[in-house]
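Peer 1: With the sequence up front, the predicted model follows.
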Amino acid sequence: MSQPITVRRHEDGHLEWFVPDSAGSGRIHRGSVDDLPPDGELHLLVPGERVLCRRVETPARSERELARALPYQLEDELAQDIEDLFFAFRREGRGRVRVLITEQRLMQAWLDGWPDTDAIVDLRPDYLALPMTPDGWTLLIEDERLLLRTADGCGTSIEASLAQPVLHGLAERQPPQHITAHLVGEASLPPFPWPVAVDEHRQPHALAVLGPGALEEPAPVNLRQGPWAPARRHGRGSPAQARLALAAAIVLALGLGLRLADLLAYRSANQQAMQEMVRIYRETFPDARRVVNPRVQLAQRLKALESASGQADDRALGLLDALARAWQPGLEPVSLQYREGRLELRLAADSLSRIEALRKRLQEKGVNTSLASASNEGGRTRATLRIEAG
């Protein structure tokens, strides 16, 4: 299993990295690419000054329409020719999209010089590794820089000397109710010209905050997409779990209807997984004549399907991950469908309260979940949940 590592690339190109340990903390190292552990799963942080974050409303419906429309929709905000820029995006609900914008040449520079660029599974601006503060801001101040994560999940990195006017301008549009501030070394807070509660934390190093942050929270938008996507896919957990999570997202996005019960069973990776995979493979692809290695054959099938559809739907994978984390014993999945950015889950339980508890857990994770229907059949409650990104 690969070791997850947060790597921070500074403006001058030098590297620092955070390696978590079993004690729940971690170690911070400095060096070059050659000094990194050879089996690392790298979460790369780049200077936030070079990456613009925006949330936009758009009528575009398909991923291809978004890729074409977003550059022109944001063109008036940008000082550079859109042909020189790269736009990475992720849907967050109907009509809402989060976008990261940077230069094509910087993407090339950030990915040059690595022995294996596919080891970089996540590439994001440094400010998106800060933990979010509900209804407020998270700041990290070090040397001459200030990193900011806002309540809407975007943020920015700026020179500390510009902090006061920039923060004041942002607060005029949406004043924070609370500020969590991480001060590195001898750094100090800028003055805030409005009353706000500030929770200060003194840190020995910026990676003491950014390191765990990048590993604990999936990137709101991963810059490794489109032409800059890794040649091979990655995911949390074991390689088998990663392949199965991707397979589930693609299969569901294409409407093939892989059963949630089987997806959840895979997470345990027990000795019955191979038999289950053979069964699911035959159900999903009834034209299969011979199943020798279901993992390999499933990957081949899905790769072909993904090529045909143009792009796997990352939203499905995010919703599935949230659903798997919220799942509890006592729930029986009946069927699962995915269409237009939404999961529709039919399930059964011994009481409506169990289903309502699942709905609440998903809501707490920021996933919009509504009870579409419910009925009592033979002493058991059957219901349909509609699940979509918040």
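Peer 2: Structure received. As the structure is a computational prediction, the values presented were derived from the model and not from experiment.

Peer 1: next structured bit after the helix or strand residue 323 falls within?
Peer 2: Using DSSP states H and E, residue 323 falls within helix 314-326. Going down the chain from helix 314-326, the next helix or strand is strand 331-339, by DSSP H and E.

Peer 1: Could you pull out the helices in the stretch 51-200 of the chain for me?
Peer 2: Under the criterion DSSP state H, counting those that start in this stretch, helices of the stretch 51-200 of the chain are mapped to 63-73, 104-111, 163-173.

Peer 1: contacting residues for residue 147?
Peer 2: Shown in contact with residue 147 (Cβ atoms under 8 Å, 6 or more residues apart in numbering): 48, 126-127, 130, 139-141, 155-157, 206. Just so you know, the C-beta spots here come from the backbone N, C-alpha and C atoms, and that holds for glycine as well.

Peer 1: Pull the number of nearby residues for the closest residue to residue 230 other than its chain neighbours.
Peer 2: Among residues not flanking residue 230 along the chain, residue 118 sits closest, at 4.3 Å (Cβ to Cβ, 6 or more residues apart in numbering). Around residue 118 there are 14 other residues, counting by other Cβ atoms under 10 Å.

Peer 1: ok, residue 118 touching residue 228?
Peer 2: No - using Cβ atoms under 8 Å, residue 118 is not in contact with residue 228; the gap is 11.5 Å.

Peer 1: Residue 28 - how many residues pack around it?
Peer 2: Residue 28 has 16 nearby residues by other Cβ under 10 Å.

Peer 1: Would you check how far apart it and residue 51 are?
Peer 2: Using Cβ to Cβ, to the nearest Å, we find residue 28 at a distance of 23 Å from residue 51.

Peer 1: before we move on, what about residue 72?
Peer 2: 20 Å.

Peer 1: For the nearest residue to residue 136 once chain neighbours are set aside, list each beta-bridge partner.
Peer 2: Among residues not flanking residue 136 along the chain, residue 178 sits closest, at 3.6 Å (Cβ to Cβ, 6+ apart). Beta-bridge partners for residue 178, by DSSP bridges, are residue 136, residue 197.

Peer 1: which residues touch residue 178?
Peer 2: By Cβ under 8 Å, 6+ apart, the residues touching residue 178 are 133-137, 196-199.

Peer 1: repeat that for 7 Å
Peer 2: 133, 135-136, 196-197 (Cβ atoms under 7 Å, 6 or more residues apart in numbering).

Peer 1: mind giving me CSV with these and columns for pLDDT?
Peer 2: Output for the contacts of residue 178, formatted as CSV (pLDDT from 0 to 100):
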residue, pLDDT
133, 91
135, 87
136, 93
196, 89
197, 91
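
Peer 1: Can you say which of those are buried?
Peer 2: Among the contacts of residue 178, the ones that count as buried by 16 or more other Cβ atoms under 10 Å are 133, 136.

Peer 1: out of the contacts of residue 178, who's nearest residue 356?
Peer 2: Using Cβ to Cβ, residue 135 comes nearest to residue 356 of these, at 25.9 Å.

Peer 1: and the spatially closest residue to the closest one that is not a sequence neighbour, how far is that from residue 152?
Peer 2: Leaving out its chain neighbours, the residue that sits closest to residue 135 by Cβ to Cβ, 6+ apart is residue 177, at 4.3 Å. Residue 177 sits 13 Å away from residue 152, taking Cβ to Cβ as the criterion.
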